[in-house]
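Trainee: build me a model from this:
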Amino acid sequence: MQDDTIDGYTEGEEPLVFHYSREERLKKAPQNVRDYYEGKMNVKRGLLKSLIATKANQYMLFSITLCMAAIFMVSKFGADSEKNSIGGTNIELSAFSFEDKIYVSTKLEAFAAISNKDDVSENIIAMDKDRNEISTSICADFYDGKKLVLRTTFSDNNIEYIKAEVEIYGKTKELFAKVKR
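Mentor: Numbering: from 1, shown residues only. Coordinates of the predicted model:
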């Protein structure tokens, strides 16, 4: 079989001619495209310059910075669930694991300006990772304004969190701590 085509065209067929002229295309292009190809365009380089290039980018950078600062401030200076205060007495809950036991301590700081002494009672709830109650314990003692530490232990049955409800001066506060391993 003889191939009677020349460059993909049969004999007598006119080949398709494609003319490309960059200069002609650039004449019809917008001014910023022509400036770019001529090297006149002022392209901003760098991360910071691109973040502040337009008004919208500046607002976005400012809002992201503001949100990050707010998150930092709340995490650094926000309320700590392991600490609280009742009637001027600072209370702190801590829990840690050692061998097969969880040791829980609730510390009431010394308070010199205390005028009345009171019984302190504490309901301690041990919880698993899903915050389901595993075990409870009740501690009670007499608080006379000096440093007081209430302690209890639990068998380590996958206990992850400790919740304590401390009652003193007729007021109750709730403390929450993660077990340190």
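Trainee: next structured bit after the lowest-mean-pLDDT helix or strand in the chain?
Mentor: Across the helices and strands of the chain, mean pLDDT, DSSP states H and E gives its lowest value to strand 5-6, namely a mean of 58. With elements assigned by DSSP states H and E, the helix or strand that comes after strand 5-6 is strand 9-10.
Trainee: so the protein: which segments form each domain?
Mentor: Per automatic domain parsing, the domain ranges recorded for the chain read 18-77, 83-178.
Trainee: how close does Ile91 get to Asn123?
Mentor: 14 Å (Cβ to Cβ, to the nearest Å). Just so you know, the C-beta spots here come from the backbone N, C-alpha and C atoms, and that holds for glycine as well.
Trainee: which of those two has more residues huddled nearby?
Mentor: In terms of neighbours (other Cβ atoms under 10 Å), Ile91 is the more surrounded of Ile91 and Asn123; the figures are 22 against 16.
Trainee: next up, phi/psi of the more buried one, please.
Mentor: Torsion angles at Ile91 (phi, psi; degrees, to the nearest 10) stand at phi -120, psi 140.
Trainee: how close does the residue nearest to the spatial centre of the chain get to Leu47?
Mentor: Taking Cα atoms, centre = their mean, the centroid of the chain lies closest to Ile71, which sits 7.5 Å from it. As for Ile71, its distance to Leu47 is 22 Å (criterion: Cβ to Cβ).
Trainee: do Leu93 as well
Mentor: 45 Å.
Trainee: now do Arg25
Mentor: Arg25 is 33 Å from Leu47, where distance means Cβ to Cβ.
Trainee: Tyr36 too?
Mentor: With Cβ to Cβ as the criterion, Tyr36 and Leu47 are 21 Å apart.
Trainee: which one's more surrounded, the two?
Mentor: For Tyr36 and Leu47, the more surrounded residue by other Cβ under 10 Å is Tyr36, and the numbers stand at 14 against 7.
Trainee: can you confirm the more buried one is in a helix?
Mentor: Yes - Tyr36 sits within a helix when classified using DSSP: H, G, I helix; E, B strand; the rest coil.
Trainee: spatially nearest residue to Tyr143, not counting backbone neighbours?
Mentor: Val120 (4.6 Å; Cβ to Cβ, 6 or more residues apart in numbering).
Trainee: tell me the contacts of that neighbour?
Mentor: Leu108, Ala140, Asp141, Phe142, Tyr143, Leu148, Leu150, Val166, Glu167, Ile168 (Cβ atoms under 8 Å, 6 or more residues apart in numbering).
Trainee: go again with 10 Å.
Mentor: 86, 89, 91, 106, 108, 139-143, 148, 150, 166-169 (Cβ atoms under 10 Å, 6 or more residues apart in numbering).
Trainee: pull the most distant pair out of those residues.
Mentor: Between any two of the contacts of Val120, the greatest separation by Cβ to Cβ is 16.8 Å, found for Cys139 and Tyr169.
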